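Engineer: Build me a model from this:
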Amino acid sequence: MKVLFNSINPYHKNNESKIIKPACVPANESCLTDSVSSLKALANYNLSTISFKSRNKEFQADNEYRRELAKHANCSAQDLKSVVGSNELKKVLRDKLTQENFMPGEDDINIKKGIFKANLHNHTIYSDGEMTVQELLDRACNYASKIKSNVYVALTDHNTLKGSQEAIKIIGQNPEKYENIKFVSGVELLAKYRWPDHNPDEPPANLEMLAYCINPFDEKINDFLEKNKKDKHTKTALEEIFEVLNSVPGIYSLAHPGRVTLPKNREMESFMEGFKNNGGNAIEAYYSYSESTEKSDENYSRIAKDYAEKMGMLKTGGRDSHRHTIFHRD
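Structural biologist: Numbers count the residues shown, from 1 in each chain. Sure thing, here's the model as predicted:
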């Protein structure tokens, strides 16, 4: 006699909490085969259940994020379904968006084909851009209608979240109009980084970073930004920035890595390690700001992509749009 498991239907809803008890049955080839099959099915079911619960937990976190935003936007969380949470954006960056989706392409081929559908780096009149928030949303919405696909657009003004606050309120009051866009709340920050073993005479590395999917109504973050917004060129220590940002879930990307200035005898890889160790989890690996810089942008994008893949970081992309050019050329 051998101890085998009873054969059950592992997909039946009544089995979700059922304890499977071993039963003593005659050991024969048919019984053994049935039992092994049942065990495999049960294992697959359990893995599926765990995966579903994990995904559901992620969705719940994003829904909670929208519920919190809705409190300030005088609307329901459902009205903000176009607003992207950090878990959704992470999944999209990992599994969906590719380089072609972030780049106009040679002779704007990706724009013409409607492949270019993500711009996560834009500025409005709340900092040094020319667009109003309404114009940014409407242009993204019109482009999405033109290519018949959702487009991802982020608002990343320097040292202020007021534009993202306005965008969320606009979307909340007219959700049907903006159902074909995926809006990402964000901010761009200037920062400086010093290596742990730096000497007093060594200058810091200067960088810009993008914070995505943060709550633009968060009092702590806004107080921090208010302190720094008087001069958009003020560089705050990277550690100080992450002390504030790490208190909330988000995606923190190194902006245009080709523009990072390093002190002598310091390498980009050690800088990237410092950025990641402080809380950075992404690199702006895809960017094409203008035709005049397209070749150098492509080179830096390739290097940044290699760093991101080597260090297990997400790859973001954007055009650093300051004019009325979100999904087309300057």
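Engineer: wait, what's in contact with residue 216?
Structural biologist: By CB atoms under 8 Å, 6 or more residues apart in numbering, the contact list for residue 216 reads 69, 161-162, 164-165, 168, 185, 187, 222. Backbone N, C-alpha and C define where each C-beta goes, glycine included.
Engineer: That one and residue 126, how far apart?
Structural biologist: Distance from residue 216 to residue 126, counting by CB to CB, to the nearest Å: 11 Å.
Engineer: In CSV: the contacts of residue 216, plus secondary structure, pLDDT and distance to residue 235.
Structural biologist: As requested, these are exported to CSV (DSSP: H, G, I helix; E, B strand; the rest coil; pLDDT from 0 to 100; distance: CB to CB, whole Å):
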residue, secondary structure, pLDDT, distance to residue 235
69, helix, 98, 30
161, coil, 97, 19
162, helix, 97, 21
164, helix, 98, 22
165, helix, 98, 25
168, helix, 99, 28
185, strand, 98, 23
187, strand, 97, 15
222, helix, 95, 20
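Engineer: Specify which member of the residues you listed is nearest to residue 155.
Structural biologist: residue 164 (5.1 Å; CB to CB).
Engineer: burial of the closest residue to residue 93 other than its chain neighbours, as a residue count?
Structural biologist: Nearest-residue entry for residue 93: residue 314, 4.6 Å, with adjacent residues in sequence omitted and distances by CB to CB, 6 or more residues apart in numbering. Per other CB atoms under 10 Å, the neighbour tally for residue 314 reads 20.
Engineer: go on, residue 64?
Structural biologist: 12.
Engineer: still on that earlier bit, now do the residue nearest to residue 93 against residue 94, distance only.
Structural biologist: Where residue 94 is concerned, residue 314 sits at a distance of 7 Å (CB to CB).
Engineer: ok, now residue 131?
Structural biologist: For residue 131, the distance to residue 94 - CB to CB - is 29 Å.
Engineer: what's the helix or strand harbouring residue 153 packed up against?
Structural biologist: Secondary structure from DSSP states H and E places residue 153 in strand 151-155. Under the contact criterion of 3 or more CB pairs under 8 Å, 6 or more residues apart in numbering; DSSP states H and E, strand 151-155 touches strand 118-119, helix 133-147, helix 162-173, strand 181-193.
Engineer: so who does residue 206 touch?
Structural biologist: Counted by CB under 8 Å, 6+ apart, residue 206 has contacts 190-192, 235, 260-261.
Engineer: Could you single out the nearest of those residues to residue 247?
Structural biologist: residue 191 (17.0 Å).
Engineer: The closest one touches residue 208, doesn't it?
Structural biologist: Yes - the criterion here is CB atoms under 8 Å, and residue 191 meets it with residue 208 at 7.1 Å.
Engineer: Got phi/psi on the closest residue in space to residue 132 that isn't next to it in sequence?
Structural biologist: Leaving aside its chain neighbours, residue 132 sits nearest to residue 125 (5.7 Å; criterion: CB to CB, 6+ apart). The phi/psi pair for residue 125 (degrees, to the nearest 10) reads phi -70, psi -10.
Engineer: Would you agree residue 125 is in contact with residue 131?
Structural biologist: Yes - if you go by CB under 8 Å, residue 125 and residue 131 touch, sitting 6.8 Å apart.
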